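*Asks:* Any chance you could fold what I've pasted below:
(3 chains)
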Amino acid sequence: MSEEAKAETTDSKESFEPKIMAFVCNWCTYAGADLAGTSRMEYRPNVRIIKLPCTGRIDPLFIIKAFENGADGVLISGCHPGDCHYTTGNYHARRRWIAFKDLLDFTGIDMSRVHFSWVSASEAIKWVELINNVTDDISALGPFMDFKRLNKKEAE
Amino acid sequence: MGKMEKELREKAKELLESGEVAVVIGYGFNRRKTRVTPVFITDPAETDKLVFNALCVNNLSIYLTRKYKDVQRIGRPAIVAKGCDIKNIVVLITEGQVKREDVYIIGMTCEGVAYKQELLKEKLVPEIMPVKCHNCDVRNPHVTDTVIGEKSDFTPPEEPTGMVFDKIKQIESMTATERWDFWNEHFTRCIKCYACRQLCSLCYCEQCITEKNMPQWIETSAHPRGNLAWNLIRAMHLAGRCTFCGECERGCPVNIPLNLVNQKLVLTVKNAFDFESGYDENVHPPMIVFKEDDKESFIK
Amino acid sequence: MPRIGVFVCQCGNNIESTVDTQKVADEAKELPGVVYSCSYKFMCSSPGQEMFKQAIKENKLDGIVVSACSPHMHEKTFRRASEAAGLNPFQCEIANIREQCSWVHHDPTKKVGTAKTMDLTRMTIQRLKKNRDLTKITIPVTKRALVIGGGIAGIQAALDIADGGHEVVIVEKEPSIGGNMARLSETFPTMDCSQCILTPKMVEAELHDKISLYTYSEIEKVDGYIGNFKVTIKRKAKFVDESTCTGCGECWEKCPFKAESEFELGLSKRKVIYTPFPQAVPNIPVIDKTKCPKILKDKCGLCAKVCGPQSIDFTQEDQIVTEEFGAIIVATGYDLMPKTRFGEYGYGKITDVISGMQFERLASASGPTGGAIRRPSDNTEPKSIVFIQCAGSRDEKRGVSYCSKICCMYTAKHTMLYRHKVHDGQAYVFYMDIRSGGKRYEEFVRGAIENDGAMYLRGRVSRVYEKDGKVIVQGADTLSGSQVEIEADMVVLATALVSRSSATTLAQTLGIGYDKDKFYNEYHPKLKPVETVTAGVFLAGTCAGPMDIPESVSQGSAVASKALALFSSDKMAREPITAIVNTKTCNACWDCVNSCPYVAITKEEVKDRRGNVVRMLAKVNDGLCQGCGVCVCACRSKAVDLNGYTDEQVYAAIATF
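*Replies:* The predicted model follows:
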């Protein structure tokens, strides 16, 4: 279904199910999300996970592309500082995010659409709460029309 | 002809005659002597073409990059460079694009230039100088092989001032929606001519990210969506590297205020990582290193 | 056009109960490139695997998506099966529809689960279309093991590896190997003396021609990767020449200066030149440079004068050595919870309140009292002792949340030892529960109560204070529902086992994880209990959590088997998840080189036929590259990419979203 069509059909906030793209590292957050499953916890189904080896592999391009492709929210998560499987990948990632977040904020991209979190392999509960909270927050915000309108301009 | 130009020409002649350099990259007048353009002097007899004045706003360091392979092929260059231009050369050295010993830097002391050449009438007045000149801390060039000109005793203001800084503050005080609209209005105008990239000496990639088509991360058509992606990613690619030379904004045919984004990130990098680009060729750019205690408050 | 097969696993009811797998299979079949799809009860079962291989061959599939459990579970299984069916294993991808879908979305109508499964499957199919054939990387293996920590777990690991025919280096920070076990008097439940069973092993390790002991040494730095670690070790100056010292003991007998003995936990003094305990291995003394007047102000030097073989060398300096290993075994053991955290029990303030480990020293025949139970305050025989269990353990507010596991058993042992040595003495034990799971453990505790008359009181101690030379213990007996006050001569606290204070630093040096209590993380708590996330680094003993001697020894042997398996061939195969450089677009800006956590990227000169350098390029060392992808993001022109997680693969997944 095209983005435009989807955005049109989600007029009322009740029926709006946000699309959230999560970029997570393989060793901590992905394993933490697995643990939530193994522990049969329940959370909102709106998140789609893309697994990367490390947060250090998460390029700012991914975030932009996710929004271009209709994401209503983006979540980026990996190992806590000091716990990186690759020892320092998340430190590199954090630097990048500090600059990128400032840039996104400055250019008016709604930062309540972008969430960053450290979730370890044992923090299944944190993962569940994170997904639920992010989903609730973004549901309340409604569809991310800024980007969707940009996409629409194509048709004009 | 001023004393500086005389010295410059003598130096250039000496360098070429001795064979120390094969080419002198500098500024020369156009036929009507109303504008300066880059000149590449290889013949010692032609060094009289070199000029230096308030029209010399262009950052010639782009001619040291792989973008100008024909210039590189001539041989070891000497470059006429203001302090601000030298900042870019420093980054190029840090990033392995030029070896320090492979370039002869003729540092020019500078009392400011005109933001655009056509603005200069009789005399250089502060009103037509770019923001960087008002806040310049390298009027006495900092990394050089020779310095030409009288020592400047200009001290920049403690806090940088100028329209860019005021505008950044103003944008920061807007709501996210206002900011989005502001930038959307500007970025929508982008025609993807890539003048910004072409004029930037730090945009030296053999193949730019927009030209990479497997996958095509950034759309090449001048569509608002791809325009936004392009401008965001270019800003990111310059984070911690941009020296705020202002060439991109100066060259933008549709007047996108690129200085705002670039200076914003210069400030971010300075505040968050205590780094300023273009001063020390032996320090890694901040975006490829880290500190274990880098501070942030947004990662939950 | 690709020929993709989609296999949707029902996982019995684990997936099927919330996902309509047949519907997913049917819908997947309609997607471009998909030529085969099915839903199956248990894809990972033998019949499932057979069906899988059969389907690949019959349908000439060139790409596989298995929508099933987490790739952490069975990615290897299905890649192996794909390979067996003639496919490149990296043309098989897993969509995680169990851990990240059916198990976390409990919609019984199957609507939510089915829709999400479809999305995940579709994303994986698109990603798969961008997969490239990859071949495993083979790397050489240095058949030499490093054991960090010379306690019982480390000694056992070293002995087993050495017996397997490979060289082992034990790095121990103390002057002697032996660890905490060397301090114990007797051991439960057999009551054999700790030194009697440990010393022979220590000696065996010392004499083994494949084992080198680096005592009084610490790990400085670890570089490299599985099979190829480069470890920098600091061998602290002992000021004694190990090659000539005979261990006669003349030096420490004559040394006129004393310091508190670390080994005796403050119960006695040692000399400034010392071996920590009589059975020390190696039996070579060290000089405590923080106390020795000769080293501090060039006064004394008596030890050098009396040393027959002239082994004392005050000019010795710390030595830094770098050695190569194929495997690293971490067996750093535990610390005891520090005194400062037991305010209410008077520990650290009242002399006659001691820790269980100090009691071990009192009971030990080689301890400060020669094995006689004496009060530290006045050296008299205590006629009643109160033992307090769970001192710090299972107490999230003031101590640690976990159970230290060994205290119930050693406290029972203490009451027995006490009764055996002081026949008219009465032991009281305050406990929360008695945890005596283990072979002959429960019988052991019953013996303490029934044969040796220990009085067990279920309840917490609220206060311990001193009065007229006695230690008064006030607490509750929750079984009788009454308040109890005992006038004891001595109190012994079963203090919690905690991780080493240096645990996090070492974890960062090794690149391994640790939990909230700073105990090292196993790769998998059940199925990979001695592995860590860093390949080639293994865990043994209490550095991973509280355990008793039999468990530590088992783990020592377990890690040895892991190391021996690694050493069984000259080369090992590694997943080809490594960075690659596009030589056409590399700008040689070195951002990748400078940001790589593994120093796996180098600057390469490209020369023309005459040998002139025409350009520079970044080059990835496959052996060193661990595939984190930091370089890919650092590269502005995207000349670096990461096999297995290429830009194209990620892009395809995002674009499907």
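
*Asks:* got a list of what the nearest residue to C:I654 once chain neighbours are set aside touches?
*Replies:* Nearest residue to C:I654 in three dimensions, chain neighbours excluded: A:K65, at 4.9 Å (CB to CB, 6 or more residues apart in numbering or on different chains). C-betas here are computed from N, CA, C, even on glycine. Contact analysis of A:K65 by CB atoms under 8 Å, 6 or more residues apart in numbering or on different chains lists B:W217, B:A229, C:Y651, C:I654, C:A655.

*Asks:* Surely C:I64 is within a helix?
*Replies:* No - counting by DSSP: H, G, I helix; E, B strand; the rest coil, C:I64 falls outside a helix, being strand.

*Asks:* Run through the residues that contact the closest residue to it other than its chain neighbours.
*Replies:* Distances taken as CB to CB, 6+ apart put C:C92 closest to C:I64, at 4.2 Å, once the chain neighbours are dropped. C:C92 makes contact with C:G63, C:I64, C:V65, C:V66, C:E75, C:F78, C:R79, C:A81, C:S82, according to CB under 8 Å, 6+ apart.

*Asks:* and if you look at C:F567?
*Replies:* C:V141, C:K143, C:A145, C:I161, C:G164, C:H166, C:G326, C:A327.

*Asks:* Columns neighbour count and pLDDT on top of those, output as a markdown table?
*Replies:* Compiled in a markdown table, the contacts of C:F567 are given as follows (neighbours: other CB atoms under 10 Å in any protein chain shown; pLDDT from 0 to 100):
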| residue | neighbour count | pLDDT |
| --- | --- | --- |
| C:V141 | 19 | 95 |
| C:K143 | 21 | 97 |
| C:A145 | 33 | 98 |
| C:I161 | 29 | 98 |
| C:G164 | 18 | 97 |
| C:H166 | 19 | 98 |
| C:G326 | 23 | 96 |
| C:A327 | 30 | 97 |
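
*Asks:* Closest one to C:I512 out of those residues, please.
*Replies:* Using CB to CB, C:A327 is the member of those that lies nearest C:I512, at 13.3 Å.

*Asks:* got a list of what the residue nearest to that closest one when sequence neighbours are not counted touches?
*Replies:* Nearest non-adjacent residue to C:A327, counting by CB to CB, 6+ apart: C:A563, 4.2 Å away. Neighbouring residues of C:A563 by CB under 8 Å, 6+ apart: C:A145, C:A157, C:I161, C:H166, C:G326, C:A327, C:I329, C:F538.

*Asks:* what's the closest of these to chain A?
*Replies:* The closest of the contacts of C:A563 to chain A turns out to be C:F538 (CB to the nearest CB; 16.1 Å).

*Asks:* Please tell me I have it right and the closest one contacts C:I328.
*Replies:* Yes - assessed by CB atoms under 8 Å, C:F538 is found in contact with C:I328 at 7.1 Å.

*Asks:* So which of these two has more stuff around it?
*Replies:* When C:F538 and C:I328 are compared for neighbours, C:F538 comes out ahead with 30 against 25, by other CB atoms under 10 Å in any protein chain shown.

*Asks:* Quick one: neighbours of the spatially closest residue to that one that is not a sequence neighbour, just the number.
*Replies:* Closest residue to C:F538 apart from its sequence neighbours, by CB to CB, 6+ apart: C:V559 at 4.1 Å. Neighbours of C:V559 under the rule other CB under 10 Å: 32.

*Asks:* Just to be sure, C:V559 is in a strand?
*Replies:* No - read with three-state DSSP, C:V559 is helix and lies in no strand.

*Asks:* C:V537 is in contact with that one, correct?
*Replies:* No - using CB under 8 Å, C:V559 is not in contact with C:V537, being 9.9 Å away.

*Asks:* out of the contacts of C:F567, who's nearest C:K584?
*Replies:* Lowest distance from C:K584 to the contacts of C:F567 (CB to CB) belongs to C:V141, with 34.9 Å.

*Asks:* and that closest one, how far is that from chain B?
*Replies:* As judged by CB to the nearest CB, to the nearest Å, C:V141 and chain B stand 32 Å apart.

*Asks:* who's in contact with that residue?
*Replies:* C:G227, C:N228, C:G326, C:L566, C:F567, C:S569, C:D570, C:K571, C:M572.
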